[in-house]
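1. One predicted model, sequence on top.
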Amino acid sequence: MLCLFAGGLYSASTTAVPKEPTRSVGLPMDGRLQQGAALPKRGQGYEVMDITMERRHRFGTRELVQLVADAGAQVLRKHRGIPLQVGVLSRYRGGRIEHHGSHQNGRDVDFAFYMRDRNGNPAKPTVFIPFDKNGYSVEPAMKYRFDDQRNWALVSALLQSKRADVQWIFVSDALKRRLLQEAENAGAPASLVRRAQQILKQPKESAHWDHFHVRILCPVHQLPECRDIGPTWARSKR
Ligand SMILES: [Zn+2]
């Protein structure tokens, strides 16, 4: 005998059948999410921003949720300080979110930048703060500095993660230049820098000078219902 409980399919007489995995359907700008995985409010190295919690925009594919948790933890291991501040992912069932063109099928996530105050101490952004090419905050003017080291550590963790294949990290051209400079200063391997050069990108429609927008490729097992747009680079077989 079967019964439906909490969105999953269970057998009443024997052991529970595992809940269906999350599935990303369609395109990031025209799609939906099935069995969205919730990113917990906090983890080792990250926190979901309050507005994202309130609006219930913290759902993604299992791969995306694991990627966020992993990347935050990796940055924290290298640099103690304020945890990664996580903005919008998707709704539980995906679909349109006001003011966002994509984020519809659990494969997009926004992050506030890591930043420092005037004394050089890590500071916590409660909203997205824009930064200019010199790494100074624009609003509030000159109050914060873009934290090149931590932001590069985040990009590096995302690109090297085994949890998901990152397709794009949208960010302004000016901040991209700072990140690549930091990669060089930190002695990052040439292959990683080349990948960062490809994947860090300022989209045409928006400057992305106040947050990172990360998009992951469809996991292979979710093709062809899950659809990518743009280059799929060397997709791994997860
Ligand atoms: Zn976004």
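-> On my side now, so go ahead.

2. how about Val66, secondary structure?
-> Small correction: residue 66 is Gln, not Val. Recorded secondary structure, Gln66: helix (DSSP: H, G, I helix; E, B strand; the rest coil).

3. The nearest residue to it once chain neighbours are set aside: neighbour count?
-> Spatially, and ignoring its direct neighbours in sequence, Gln66 is nearest to Arg163 (4.3 Å; Cβ to Cβ, 6 or more residues apart in numbering). Any C-beta I mention is one placed from the backbone N, CA and C, and that applies to glycine too. Neighbours of Arg163 under the rule other Cβ atoms under 10 Å: 18.

4. so Arg163 is in which element?
-> For Arg163, there is no host helix or strand (DSSP states H and E).

5. same check, this time on Arg194
-> Here Arg194 is assigned to helix 190-199, by DSSP H and E.

6. Wait, the residue nearest to Gln66 touches Leu67, no?
-> Yes - counting by Cβ atoms under 8 Å, Arg163 touches Leu67, with 4.3 Å between them.

7. Find the nearest non-adjacent residue to Leu27, please.
-> Arg227 (5.0 Å).

8. Just give me the neighbour total for the one you found.
-> Applying other Cβ under 10 Å, I find that Arg227 has 16 neighbouring residues.

9. Buried residues, stretch 228-238. List them.
-> Within stretch 228-238, the residues scored as buried using 16 or more other Cβ atoms under 10 Å are Asp228.

10. follow-up on the earlier one: let me know the pLDDT of the residue nearest to Leu27.
-> Predicted confidence (pLDDT) for Arg227: 97.

11. contacting residues for it?
-> Residues near Arg227 by Cβ atoms under 8 Å, 6 or more residues apart in numbering: 26-27, 31, 218.

12. Need those in TSV (columns: distance to Val193).
-> Formatted as TSV, the contacts of Arg227 follow (distance: Cβ to Cβ, whole Å):
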residue	distance to Val193
Gly26	33
Leu27	30
Gly31	32
Cys218	26
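
13. overlap between those residues and the residues near the ion?
-> Among the contacts of Arg227, no residue is within reach of the ion (Cβ under 5 Å from the ion).

14. so which of the residues you listed is the most crowded?
-> Neighbour tally across those (other Cβ under 10 Å): the maximum, 26 neighbours, falls on Cys218.

15. three-state assignment of it?
-> coil.

16. Quick check, it in contact with Ser24.
-> Yes - the criterion here is Cβ under 8 Å, and Cys218 meets it with Ser24 at 6.2 Å.

17. Between these two, which contacts overlap?
-> 107, 226.

18. tell me which residues of stretch 75-89 are tucked away?
-> 75-76, 79, 82-89.
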